[in-house]
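S.K.: Kindly return the folded structure for what I paste below:
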Amino acid sequence: MLQTINLGNKGEELAAEMLAEKGYVIISANWRDKHKELDIIAMDGDTLVFVEVKTRSEDFWGNPEEFITRKKQKLLINAAEAYIAETGFSGNSRFDVVSVLYLKSGIEIEHIIEAFYP
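M.R.: Prediction:
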């Protein structure tokens, strides 16, 4: 379990670095409100972006982004609504996914913009 947590933390760090290199402004990492959690909250220009990071050590069972079920999407939407209510943000927002895959040949990172809609 600890290995999985460390892998996930490393994936989130890589995702945040990649987003920052693209010009995103990271507002928060691992934002929590009771049982709700958002991996990364960032600004892309004037758009608030909620980023779910999925990290895997192999692609045998599929790509990491394929593990974001509709149920998980609903949890992320609820968390985003809580964040917006807490901060009073009133602009545009979207949901992105960053897939981090550790393969023997190297690390693959894919950024999926507007990965799903509320």
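S.K.: so how many other residues sit close to residue 81?
M.R.: Per other C-beta atoms under 10 Å, the neighbour tally for residue 81 reads 13. No exception for glycine: its C-beta is placed from N, CA and C like everyone else's.
S.K.: distance of it from residue 22?
M.R.: Using C-beta to C-beta, to the nearest Å, residue 81 is found at 25 Å from residue 22.
S.K.: middle-most residue in this structure, spatially?
M.R.: residue 52 (1.9 Å; C-alpha atoms, centre = their mean).
S.K.: What distance separates the opening and closing residues of stretch 51-66?
M.R.: Its first and final residues considered, stretch 51-66 spans 15 Å by C-alpha to C-alpha, to the nearest Å.
S.K.: now it: mean pLDDT?
M.R.: Averaged over stretch 51-66, pLDDT sits at 73.
S.K.: Next: stretch 11-22.
M.R.: The predicted model assigns stretch 11-22 a mean pLDDT of 96.
S.K.: mind listing what's buried in it?
M.R.: 11-12, 14-16, 19 (16 or more other C-beta atoms under 10 Å).
S.K.: And for stretch 78-86?
M.R.: 79-80, 82-83.
S.K.: Mind putting the residues you listed into TSV with secondary structure, pLDDT and distance to residue 26?
M.R.: Formatted as TSV, these follow (DSSP: H, G, I helix; E, B strand; the rest coil; pLDDT from 0 to 100; distance: C-beta to C-beta, whole Å):
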residue	secondary structure	pLDDT	distance to residue 26
79	helix	97	17
80	helix	97	16
82	helix	96	19
83	helix	97	14
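S.K.: Which two among those are spaced furthest apart?
M.R.: 80 and 82 (7.3 Å; C-beta to C-beta).
S.K.: For residue 55, give the beta-bridge partners.
M.R.: Listed by DSSP bridges, the beta-bridge partners for residue 55 are residue 100.
S.K.: Now do it: how many residues are near it, please.
M.R.: Neighbour count for residue 55, taken as other C-beta under 10 Å: 23.
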